[in-house]
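In: kindly return the folded structure for what I paste below:
(2 chains)
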2 protein chains.
Amino acid sequence: MNEVLNFDELLKLAEDKSFRKLRDILKDLNEADIALFFEELPTELIVKVFRTLPKDIAADVFSNLDGDIQKVIITTITDREIKDIIDDLFVDDAVDMLEELPANVVKKVLKSANSETRKLINQFLQYPENSTGSIMTAEFVDLKKNMTVKDAISHIRKTGEDSETIYTCYVTDKSRILEGIVTVKELLLAADDILIDDIMRCDVITASTTDDQELTAKNMMKYDFISMPVVDGENRLVGIVTVDDIMDVMEEETTEDIEKMAAILPTDKDYFHTGVFSTFKARIPWLMLLMISATFTGSIISSFEAKLTVLPALIAFIPMLMDTGGNSGSQASVTVIRAISLGDIEFKDIFKVIWKEVRVALCCAVSLAAVNAIKLWFVDYLIFKNFDAKMQLYEIAVVCLTLFFTVLVAKIVGCSLPILAKKIGFDPAVMASPLITTIVDALSLFIYFSIAVMLIPGI
Amino acid sequence: MNEVLNFDELLKLAEDKSFRKLRDILKDLNEADIALFFEELPTELIVKVFRTLPKDIAADVFSNLDGDIQKVIITTITDREIKDIIDDLFVDDAVDMLEELPANVVKKVLKSANSETRKLINQFLQYPENSTGSIMTAEFVDLKKNMTVKDAISHIRKTGEDSETIYTCYVTDKSRILEGIVTVKELLLAADDILIDDIMRCDVITASTTDDQELTAKNMMKYDFISMPVVDGENRLVGIVTVDDIMDVMEEETTEDIEKMAAILPTDKDYFHTGVFSTFKARIPWLMLLMISATFTGSIISSFEAKLTVLPALIAFIPMLMDTGGNSGSQASVTVIRAISLGDIEFKDIFKVIWKEVRVALCCAVSLAAVNAIKLWFVDYLIFKNFDAKMQLYEIAVVCLTLFFTVLVAKIVGCSLPILAKKIGFDPAVMASPLITTIVDALSLFIYFSIAVMLIPGI
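Out: Numbers count the residues shown, from 1 in each chain, chains lettered A, B, ... in the order given. Below you'll find the predicted structure:
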């Protein structure tokens, strides 16, 4: 299924009010695709089209819809219709939706739900953002250990309809303490009269409601789970996290890391749903901080200003030296940040990392300096013959030596700062390109001018 | 399960050769954790400990091991032992392992496998890297549409043991053409005597063996699938992709994107498994290219060099202007690159994106220029009184105006280049920080000197 879906025909049916025809086509589409179609609809048609959907898929489509469209629907339809949807949604999807709605609408929705759903939703709404509790769902299959395989399968057949995933079943005791798990695969492969107690696994890997969702995502990936039980402080089973929600978490966390690496405060909405002012607010703090830091780099230039007049040609190399230093440093820092987040690098590896980066830096530094020397010598001196030969030799020596030391320093700073940041409890992602660039800029200019003063007579 | 596993005790048992005790502890651990334990073992103990593992978990542990450790094991154990492992591995795991091994070892392994496994492995080894074929597995449950639900369940019970996932079953005709799918949930919830034909879904969303693995990952995420059927050119079912492999693909693709954004050529091994020379080769091309490009920025300075002698203080602002421009540009480019990769921005949105970035840029530019003006005026002029007042006013005007236009230009360049790159078939990730910084550096210096020449008399 690679063709891009074309909604033009469906859109025309909706505009022509041929809702019956539209319904016949929609009911055969996947819910995720129907949800995409709603994004193309003009606002005034959204509720009309939503009402044409067959009852059994309406809630599924609804949970796939964008927050803005959910809001349009929920504020327009009747309390009766809200009740049908909300009772049909999985609790995690209902909570996701409510978190985006204004308080008065939330009240209206909760009023419509049945009391059991309302209680669950209220409980779920209280888990902190980014906690495992906030992404779990309450619908799972619950078995007892004295059931036989046959009992268990018929229990699943009776109650499975309401469960988000039936493939891992959870065995709990009377006070809802989790005792073990058994997969449907194991049930199907076992004989009918065997007791659950005999086939369940007791060494269950669980998450806690207060665990960071990223940790739970990593554990599910590590163990290749399609769902994971979530327990409260007393080891009582309160919900499960399913792999589809974990994939969303991974995507969110990746976006957050990438934003941090680009000196942006993380936002939790997609590009066009973040307003201009919110985008501004996410970007200005780092821009401001880095701008102010960069003025220190400027003061290094000021302090050497008088000396620069002896060889003003040196000024022209400033951008190249700063950029190369910045790029070398950010290559190292970004590589290390990613390796930390994948669990490949820990604090104890710091010297191993520095040693590797030093060797890589030496290779890079020698290559870059060599190319620069050749370029300066052949192109500028031999071909254009436009400089004082002796001064030119000094220039080449200063530029190439600076390049060499800058790359070396940049790689060392770039690889070690993220590890140190992690160690003292900061997010390593903050130590990415922009901050490293600012630090390396100052260092590279300092190295540049110091070498110039040392080598060139009369400076 | 949040505690970090501590392998010291297990390590001591291995070193003391108490393999029986070790085996008793290991057999209760999760395979993924046992695999982690192997990473702590000294090389000479790896095969000894591996041989103590119970037969039924040996292959599972093996598939979780790091490539280097797999290699140690496979080159040491007997052909008989290899056969046991290879016939027990899922085809995709076997192929992953073989791709890392030297040719002579692959030959040895294939010789040991049974002929059916060998044929499958050879077929799978031929799918191109990053194709869906290269990550699929051949073990799935295959039903016929004239079976009843009862037949189907008993078929699963008989053949399910060998299948990587049994939760989605695939209905095929005699020539292996995929006709429909039915989930185990649907089977369990249906009455025994219903025909598969009556409950299967025919509008199956499939991947093709040649599809890019990233596309398949995105589709599985979109539809919340835990497995997806893979068909060949004639719509014959050849394998399935499972969600655990998709999560690995997502992680790989994210690493690749992040590397590209940091001007590194993607590598496919983790940090410590990439040699110094490979790391150097991945980093030097962009460093070299960007260094050479930055010399053009230098030539802008050279061409204004004579004029700079009138107000040498202007040189000190170069780093601040370049850095702020670069950071503003990379914020915009990285945001847009991520939004493109999540499918939020397409080419048709380019003017919408530019319009948003222009407004954000105006807010940022005004704030940054204002802070700079205040800083220059109050701190440098009023407090230190260390400059010629008239020259100082010119300086403030030039610096703040440059800041304003640079941020504006940087955001526009930063947001539009990734979209244009995507349009002409390049990877947008390449248009991230380093390249944008180099472009914006040149632009900002050009703006700076042009404004200086326009405003300051005598330049």
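In: what packs against whichever helix in chain A runs longest?
Out: Secondary structure of chain A per DSSP state H: the longest helix is helix A:389-423. The elements that helix A:389-423 packs onto, with contact taken as 3 or more CB pairs under 8 Å, 6 or more residues apart in numbering or on different chains; DSSP states H and E, are helix A:318-341, helix A:350-374, helix A:433-455. Where you see a C-beta, it was placed from the backbone N, CA and C, and this is true even at glycine.
In: the same query, at a cut-off of 10 Å, please.
Out: Helices and strands in packing contact with helix A:389-423 are listed as helix A:318-341, helix A:350-374, helix A:433-455, helix B:276-308; criterion 3 or more CB pairs under 10 Å, 6 or more residues apart in numbering or on different chains; DSSP states H and E.
In: of these, flag the one that's most buried.
Out: Mean neighbour count (mean count of other CB atoms under 10 Å in any protein chain shown) peaks for helix A:318-341 among the helices and strands packed on helix A:389-423, with a mean of 28.
In: are that one and chain B in contact anywhere?
Out: Yes: Helix A:318-341 comes into contact with chain B (CB under 10 Å from any CB of the partner chain), by way of A:318-324, A:326-328, A:330-341.
In: got a list of what A:L417 touches?
Out: Applying CB atoms under 10 Å, 6 or more residues apart in numbering or on different chains, we find A:L417 in contact with A:329, A:332-333, A:336-337, A:426, A:428, A:430-432, A:435-436, A:439.
In: got a markdown table for those residues, with pLDDT too?
Out: Supplementary listing: the contacts of A:L417 in a markdown table, determined by pLDDT from 0 to 100:
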| residue | pLDDT |
| --- | --- |
| A:G329 | 89 |
| A:A332 | 88 |
| A:S333 | 88 |
| A:V336 | 89 |
| A:I337 | 88 |
| A:F426 | 82 |
| A:P428 | 82 |
| A:V430 | 73 |
| A:M431 | 74 |
| A:A432 | 74 |
| A:L435 | 81 |
| A:I436 | 82 |
| A:I439 | 87 |
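In: quick check, nearest of these to A:K269?
Out: Taking CB to CB as the measure, A:K269 lies nearest A:V430 of the contacts of A:L417, at 21.1 Å.
In: skip the chain neighbours and tell me the closest residue to that closest one.
Out: A:K260 (5.6 Å; CB to CB, 6 or more residues apart in numbering or on different chains).
In: mind pulling up the pLDDT for that neighbour?
Out: Taken from the predicted model, the pLDDT recorded for A:K260 is 82.
In: could you do A:L403 as well?
Out: 92.
In: how about it, nearest residue that isn't a chain neighbour?
Out: Sequence neighbours aside, A:A369 is the residue nearest to A:L403 in space, at 4.8 Å (criterion: CB to CB, 6+ apart).
In: look up how far A:L45 lies from that neighbour.
Out: Distance, A:A369 to A:L45, by CB to CB, to the nearest Å: 65 Å.
In: A:D211 too?
Out: In this structure, A:D211 and A:L45 are separated by 42 Å, where distance is defined by CB to CB.
In: which one of these two has more residues nearby?
Out: A side-by-side neighbour count of A:D211 and A:L45, using other CB atoms under 10 Å in any protein chain shown, places A:D211 first with 19 against 16.
In: show me where pLDDT drops low in the stretch 251-400 of chain A?
Out: When residues are selected by pLDDT under 70, those of the stretch 251-400 of chain A lie in A:310, A:380-391.
In: residues contacting the residue nearest to A:F304 when sequence neighbours are not counted?
Out: The spatially closest residue to A:F304, leaving aside those adjacent along the chain, is A:F449, at 4.3 Å (CB to CB, 6+ apart). A:F449 makes contacts with A:I300, A:I301, A:S303, A:F304, A:K307, A:L308, A:L314, A:V398, A:T402, A:I459, as judged by CB under 10 Å, 6+ apart.
In: surely the fourth one touches A:A452?
Out: So that's A:F304. Yes: applying CB atoms under 10 Å as the test, A:F304 and A:A452 come out as touching, 7.9 Å apart.
In: could you chop chain A up by domain?
Out: Using automatic domain parsing, the domains assigned to chain A come out as A:8-126, A:140-260, A:272-455.
In: the last one: how far from the chain's middle?
Out: When you say that, I think you mean domain A:272-455. Relative to the chain's own centre, domain A:272-455 is displaced by 28 Å; criterion: CA atoms, centre = their mean, to the nearest Å.
In: quick one: end-to-end distance for it.
Out: Taking CA to CA, to the nearest Å, the span from the opening residue of domain A:272-455 to its closing residue is 54 Å.
In: same question, the shortest one
Out: Terminal residues of domain A:8-126 are spaced 42 Å apart (CA to CA).
In: dump the C-alpha coordinates for stretch A:303-318 into CSV.
Out: The C-alpha atoms that make up stretch A:303-318 are tabulated as CSV, following Å, rounded to 0.1, in the frame of the first residue of the first chain:
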residue,chain,number,x,y,z
SER,A,303,41.9,42.4,23.2
PHE,A,304,44.1,41.4,20.3
GLU,A,305,42.8,44.3,18.1
ALA,A,306,45.9,46.4,18.2
LYS,A,307,48.1,43.5,17.2
LEU,A,308,45.8,42.5,14.3
THR,A,309,46.7,45.7,12.5
VAL,A,310,50.2,44.3,11.8
LEU,A,311,48.7,41.5,9.7
PRO,A,312,45.1,42.4,8.9
ALA,A,313,45.0,39.4,6.5
LEU,A,314,44.6,37.2,9.6
ILE,A,315,41.0,38.5,10.1
ALA,A,316,39.8,36.8,6.9
PHE,A,317,40.5,33.4,8.4
ILE,A,318,38.3,33.9,11.4
